[in-house]
Every structure is written in structure tokens, then in C-alpha cells.
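> what shape does this take:
(2 chains)
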Amino acid sequence: MVRKPLTSRVRSASPRSMLRNLARRAAVALATLLVVSALIFAMLRLLPAYPAATSLPANATRHEIAAVRHAMGLDHPWPVQYAAWLGGLVHGDFGQSLHRHRPVARLLRNALPATIELTGSAMVIALVLGVGGGLLLFALRGRRAETALDMVATLGMSLPAFVWGLLFIVVFGVTLNLLPFAGRLAPDLPQPPGAGFLLLDSLRAGRLDIFWSALRHLVMPAFALGIAFAPPIARMLHTSLLRTWEQDYIRQARLRGLSETRLLFAHALRNAAAPSLIVAVRHLGFLLGGSLVVEVIFGDPGIGSLMVGALRHADLPVIEAVGLTYCVMVLVIKALADGLALLLDPRLRRS
Amino acid sequence: MSLLMIRDLTVTAPTGQRGDADRVRVLRGISLSLDRGMVLGVVGESGAGKSLLGRVIAGQLPPGFAMAAGRVDFSRRNILALTPGARRAMLGREIAFIPQDPRAALNPVRTIFSQLREHFAHLGLPRHQHRARAIEVLADVQLPDPADLLGRFPHQLSAGMCQRVLIAMAFASRPLLLVADEPAAALDAAAQRQTLELIAAQRRRAGTAVLFITHDLRRVAGFCDRLAVLYAGAVVEEGAAAAVMSRPLHPYTRALELATPSLATRRGLVVLPGHQPGLAALGRASGCRFAPRCPVRSAGCAEREIPLIGDDRRVACQYPERTSRIAPAPPPPPYRVGSGEVLLQVDGLGRRLRAGGVLRGRVTAVLEDVSFKLREGEFLGIVGESGSGKSTLARLIVGLDRPTTGRIALAGADVTKGDGAARRIRLANLQMVFPDPDSALNPRRRIGSIVAQALEAARRPAVEREAVAADLMRAMGLDPALVARLPGQLSRGQRQRVSIARALAARPRLLVADDVVSGLDVSTQAQLLALLARLRASGIALVFISHDLAVVRHLCDRVIVMQQGRIVEAGETERVFTDPQAEHTRALLAAAPPDIGPPATTLLAIPPPAG
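Below is the predicted model of the structure:
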């Protein structure tokens, strides 16, 4: 009788290999950042924009122009400029805004919370609608309602965020006069102390009136931004649930007498979630891009608005810093999604 | 009163041809009973409806299938009339199931413990006892270090270990009935045998009755009290296992037995014409459904349905006395150990794989110092357990992988390096047939264009390609009209033949076949083996990789036994099987399923039917 040592086939992911995996991912992220920073830097130097010109009167002399260019550091060769910029970045110094004459870092710090609040809530909306929609599509499988819901999803997906935004403003803001559509807070309310996350700061300050106002201001932009990203998540979840439903382990669990609800939530959903998550992340990059337009439409003072203002004045340090910030946000989201995928699917934990 | 009583069970399914109106009976008037603590084997080829039987018992018919008649009683309850809640309470507790593919039957994202405790919760075991009970049931199925196993995920276990976990789960409630649907089909010989022994031991302890569904008569032989043989949705023969095995009454049972290669001797295989009717053909069938393939049929057989008659021994045949007249096939031509030109020569072949990082990784040898010669027209069998290096060797020979050490010579030329010249020599001389015909054929190409693919590369005109494709289809026993079909429209056996036809289109001198008959039904396998044997006449050489020793004994002239990447024994087939030298060869032979029926020699004494 042949007996194989059964334990020889057992594989495990050691903590060391997990650490090595993490280190590799961090290195890739850093390299991405470096490449993006170089691209942004090079692109802006190639544009026919003359930042020095915007801060000088029309009759400035050649000498004055040279002095300003020198003060801005624009008279050095590109690689030197780039190195100086990078050196500043490492110390948290993003330079000085050419137009607003303030440190870029402070501008960013003031604008970032608005953007994070907006994109964060848009993401939550997209995920809730997407997962709910996916589950609903799955529950309706094979019925006529499935087709109808799928058509609704297609509609939701085919309108870009700014169209949703304008539609909401016209319907809920202007016609029905239900919701405010400019800024983050009613003008008569003070900004609560804190980092600038209005929802959190107001709660911490115990000001429910501010919280309510901030929430009402947030509803329309967040939905405008998030709504288009729910259908792809719903569809992916739907198809991967259908595929998972055919797997042997679902059938085997059913043969052990488990209920259909338990099969769906305890067995199928987690297996089907991983591919949906990948789709969600792929779309989040677009979501960040969309936040720029939505902020402008709803007059949100986030980094999108900051970016648009900077572009108008060829404010190179601000443009560079905001561009890089977008990149960091995408990378952070991607890292979170990777972590979540590892949590969901142990098979990925092998390096 | 029996524990399980199936009476006149008829299940219908739509043929998909004319909507819902056109339904065929995929199970027809099945009557079976199973007493407490007994084992009933249900034997049949794929499509016979044997797995459907398990699904009826679970109350989970595939979409579109419907119960048309009959009743199923389980411990005095009509289980088809149960409410969903009552059925769920019964499943997993009184009736347990063991699946075909153990690795796919465990949820990949949940630990073994979380799946066990979910089952314990279903059984009503209090939470604080879960861990102790889990360790207990895993120890019962002889899993080493159960406490450590609890935190593991299914992908970290071998298929055999997964099956043990599932067996542990199935017996946790000491069920009254176990439905085991091909529980060992996905495992290699040794694990198969261990799994079956484990089920046998567990069921004796728990007093569980077993409904054992399988396509392999040899596997159930020593395990079952009673046997039922299914053909095209109906029971054709039923009786005490020993009686059915030693003296089959239905021609189909007899044909199955005679189509199974023997481990003890080399004998010819009876090849039945045609195949079991599929869904569409079932609708058209009238009378005895086996009649078109039956070697001893009469004109009247196709006219009316033959009921299953008899008391303790039942058979659905009008002329059971004729069955014993079905003669074994004439013995195959003797082995020939070629004296011809050496076609393939392998010297000191080795393949090492690096696992882990570049700096600290370990190097494992998957193949070590393998040498052999293959002469023109010789059939060489390579056997070993999974992981013994068989498939690696095949990949090296055909050039899908490069050896780390050693040398491969094909038709006198060195092809070790795998450069352009080597590739041309390989293309001119050798072809490979892959183990899985489902993934080896491009699902979007027509059969005709798949078969003639090699000629396409040689830029032969379309007319010639079509003619060659038709010829090859005929040679493979396939209807040339199938050239217009897509692979998905063919049966598995047909697809495997298409795969072989494609390899032959290039007129190779050497064919490398990796595991091409495993997973096929006995009669399909016999057809395929006959086709391969016929290739001998053309002088082609064959490297035949398999873990089924009886098949290798039947087909191959010489055999190589591999273990952990090394050759442990090599020699002429007769010698290796009758006088094995290596301990591992003896172990493999011991683990192989035993032959069925009485020795072929006594059967030869019965004269063939006159006329």
C-alpha cells in the first residue's frame, strides 16, 4: 500500500514572504510616483506657458523679467529645477504659489479635505448602489425585471458626472428648491474648528446644525460623482455571482442543508467580491478625475477648484503639486483595494 | 422496510429542440431499494443518468428537469413532498453527500474550521464544542495534525486531504445514508484506494447505508453489497454484487466487463459500435435502448420496452441466456519490442525548478537522470503517481520545456537546445495529444479546420485539407459530417478523437499522448485504445503516459515506472507486470483496482454465437 506523506503538500504563506510582498508593492508605488512627477514636470516645461509673464506688468524690462525668472528658479537647466523640486517635496515643501503668493503646501492642506469628503462619499454611494444593484440583479435573475434594471444601469452609466450634476441642480436645486448647490456650508454658518472635514469637525464640535448643512450641501455633488460608477460595479458583481453560483462548493454546501440566503452571503458573495473590487478600483481613477469638474460646478473649494484656478494663471508649482496629489490618492486607493483583496481571498496570499 | 425506496422514478428533461413541449425521459421507471447499513453501487457511463439519481434524492434537479412519475421514500417519508425547510433539516444530517472533485467542493476563501463549524451549527452542536469536535472528526479520517489543519485554506491541502475533510464532514452526523458520486475519480490510484477504504471504515462505524455512484466497475467490486447497472436512464440489471460481477445477465454489463482492460493478463477488448444515446436520441429511441449496440439482439428487441423482471436478481433483457455467449475479443497481437531504427533517445535528462526568490530559493529536481530509447513502431508506456515527473518528461520531449541537464535526440538529430533547427525536426517527426480535450481544442474553430491545422501551416490547398480531414475523421471512427461542428457540440470521447486526428494530420513518426484515456467511459476508452492499437500498422511510435496500469498493460510494448522524477523500473511490459523488481512498481500494482469478473481464460471456453 502506497502512503504518501500528506503534510508535504501543505503550503503556507510565511509572515516573511508577506513582508517581502508588501515591500515590493511599496517600491512599485514609489517608482510610479517618481515617473509621474517627472512626466508632470516635463509636460509643464514643454507647454507654451510663461509663468513669469503673469506676475509682471506688460511694460516690464528684460532685466526685470530675468530677475523674476531667477527668483522663481526658472533660469536653471531642467534637471536642476527638477532635482530642487524633488528635494523640496521630500521635506514637504511644494514651493510657493506664483499667483497667490502662499506656500503650495498650505493651499493643498486647505483644499484637500473638501475633495476627500466629496470623493469618499461618492465612493461609498457607488459601492452601496453597486453592491445593492448587483445583489438585486442576481436576485431577479431570469426574470423580466432583470432586463429592466440592467437598462436603468446602462442609463446611469452613460451620463458623465457633470451632466448628472447639472441635472440635479436644475431639478432638486432650482425647480424643487430642495437642496443647496453652491459651496460646502450655508453662508451664515461658521466653519467648525478642525482639519476641514466638515462632517467630522461639526460632529466633534457638537454642532448638529453645521453637520446638517454640510450634509445637505454634499448630497448632490456626491451623488453626481458616484452614480455613474455604481452600474459597472453592479454588473461585475452580478456576473461573478452567477459564475460563483455554479461552483461545486455552493452545490456541496446546499447538499449540507444550508439555506439559500446563507449560501449567498456566507459562501458566494465573498468569492464574487474580488473581481468586482478590481473593477471598482479601475473606475476610481476616473472618479477622481470627475471630482475636478464636479467641484467646479458646485463651487466646492477642493483641489479640483485649486487646479482649475492654477491652470488659468499658469501657476506651475500648484499644478505640479495637485497633479502629484491625484496620483498619490489613486495609489492609496489601489493599495487599500489590494489589501482588501488579500483579506477576501486567501489564495492571493502566496507570493 | 427499506431505508431508501425508489419506485417507478421517471424524470424528464427538455431536449431544447422544440421548446418545452419536446421532453425526453432521462430517467425511466427506476425502482431500487437500499436497506439500512447496506451499500448499493450504481454503475453507468456518463449520460446514463446516475448522477441525476443523487440529485433527485437531494431534491435538487437541474433547471428544466422535472419529476414525471414515481416516488422516493427515505425512512418512511416521501422526500419529494417535503417542504424546503424540512428537506434542509434532513440534508447534511440524515443524508450526506461526498462529491466528485474534492478541491472544488470546499469554499476557497474560508478556513477548514469555519466550514466545519458552519456544518456543526447546522447540526445543532453548541458553539463551545465546535473546536474539540472538529479536531475529533478530522482525526477520525486519519488526517495528521488536525489542530493545525483547522486554520488552513483548501488550496493549501492536497486533493486527497480535501476529500478527507469532506468525508469527515459527511460522517460528523452519523448519517443514515451517504450518497457518494464518484468520490475518487479526481484522485490518483493510491489516494483513490485510501479514500474508498476510509469511506468503508467510517460507514461501518456509523452504520451508514451508501449509494455509490461510479463509472468504474472495477472500483466498486469489493465494496458493494448490491449493484445496479444503468444504461440510457434505465436500470438494465440489478442484483447481489458478487452475482452481477461473476455472471452478468444483461449484454451491456457483459460488454462493459469485456471492454475493461485487465491488470492480470493481456486480453482483447470488446468494442461496442456507436455510443449511448444523448438527449436528442433518447427522444427517438423505441424498445430496448441498448438494442442498436447489442451483439446478441433480435429483430423484436427494438419493438417494445423491456421491463426489469426478476426478484432478487433483476434484468431488463428478453434473452438473458444469450449474454454469456458474448465472446471476449480475440487477443491483441503480441507485444513487439522493435528492432528498428532508434527514433527517440533520451540521455541523463534532468529538469530542476527554482522555487522562491532568486537568492534564497530552493532548487527541486522534478526530473533526474532519465534515459531511454524508443524504436520505430514501439509503444512505450510511462506510469507513476501524480507528481512523479511523467508530464514533465512529455513536455521536454515535445519541446514545451527545456531540460536542465541531459540530451534528447529525435530521428538521429540533437534537439536538446530547442532552437529553430530543433523545432523543424520536431515538427516533421512528432506530435502531442494533450490530456484534456476540452481545453486542447479551440472552441471557436470548426472541427474540420482543427483537424487539418497542420496542413494549413504547410500551406496546402483547401481541397486537400478537407479531403485529409474527412479521411482522418473516418479513421478515428467519427462521422465526417462532424467537420462543420464546433468542439462544444461533441462528446468528450469524440473531442479526444478529434485531438488525436489533429496530431495524426501532420503524419508524425512519434506520438506523445499524455493521459488521453483517463476520465473517459469504459466503452469509449475501449474504442480509443482500439484506434491507437490500429496505428501500429502504420509504424508510428507512441509514448503513452497514464496512471491506469491496466490500460498500459493492454497497449504498450515496454513500460517505464517513475517515482519522484526518476525511473525506478523499465522493461518489457509482460516482465514488469508479472515479475516487478522495484518496490514502487509492486506498490503501484497493489494500489490499482482489481480486475472484474472471472479470469478471461474460462470465458474463452464458451463458443461464440452461431450465425
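> by residue count, what's the longest helix in the chain?
Since no chain was named, I'll use chain A. In chain A, taking DSSP state H as the definition, the longest helix is helix A:104-139.
> correction: the question concerned chain B.
When chain B is parsed with DSSP H, its longest helix is helix B:189-206.
> ok, residues contacting that one?
A:1-4, B:37, B:39, B:98, B:140-142, B:158-160, B:163-164, B:167, B:171, B:174-175, B:178, B:180, B:183-184, B:187, B:208-210, B:219, B:223, B:385, B:547-549, B:587-588, B:591-593 (Cβ atoms under 8 Å, 6 or more residues apart in numbering or on different chains). Every residue, glycine included, has its C-beta placed from N, CA and C.
> mind giving me the PyMOL select for the residues you listed, buried ones only?
Buried subset of the contacts of helix B:189-206, written as a PyMOL selection, criterion 16 or more other Cβ atoms under 10 Å in any protein chain shown:
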select buried, (chain A and resi 2+4) or (chain B and resi 39+98+140+141+158+159+160+163+164+167+171+175+178+180+183+184+187+208+209+210+219+223+385+547+548+549+587+588+591+592+593)
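> quick one on the thing from earlier: against which helices or strands is the very next helix or strand once past the longest helix of chain A packed?
Downstream of helix A:104-139, the first helix or strand assigned by DSSP states H and E is helix A:144-158. Applying 3 or more Cβ pairs under 8 Å, 6 or more residues apart in numbering or on different chains; DSSP states H and E, one finds that helix A:144-158 contacts helix A:104-139, helix A:230-245.
> swap the cut-off to 6 Å and go again
Here helix A:144-158 touches helix A:230-245, going by 3 or more Cβ pairs under 6 Å, 6 or more residues apart in numbering or on different chains; DSSP states H and E.
> contacts for the helix it packs on next, please.
The contact list for helix A:230-245, computed with Cβ atoms under 6 Å, 6 or more residues apart in numbering or on different chains, reads A:126, A:129-130, A:133-134, A:137-138, A:153, A:156-157, A:268, A:271-272, A:275-276, A:279-280, A:283.
> stretch B:376-394 too?
For stretch B:376-394, using Cβ under 6 Å, 6+ apart, the contacting residues are B:188, B:338, B:340-341, B:343, B:351, B:366-367, B:374, B:512, B:514, B:539, B:541-545, B:549, B:552, B:555-563, B:565.
> same deal with stretch B:168-188?
If you take Cβ under 6 Å, 6+ apart as the criterion, stretch B:168-188 is touched by B:51, B:54, B:93-98, B:100-101, B:119, B:123, B:137-138, B:141, B:159-160, B:192, B:195-196, B:202, B:206, B:208-214, B:385-386, B:547.
> show me the domain layout of the chain.
Picking chain A for this. Following automatic domain parsing, chain A resolves into domains at A:22-93, A:111-349.
> nope, chain B
Following automatic domain parsing, chain B resolves into domains at B:109-172, B:342-579.
> show me where pLDDT drops low in the chain?
I went with chain A, as the question did not name one. Across chain A, the ranges flagged by pLDDT under 70 are A:1-17, A:48-55, A:350-351.
> can you look at chain B instead?
Scanning chain B with the threshold set as pLDDT under 70 gives B:1, B:16-21, B:338, B:355-361, B:596-611.
> need the three-state assignment for the most centrally placed residue in it.
Centroid check for chain B by Cα atoms, centre = their mean gives B:G519 as the closest residue, at 2.7 Å. Here B:G519 is coil, with the state taken from DSSP: H, G, I helix; E, B strand; the rest coil.
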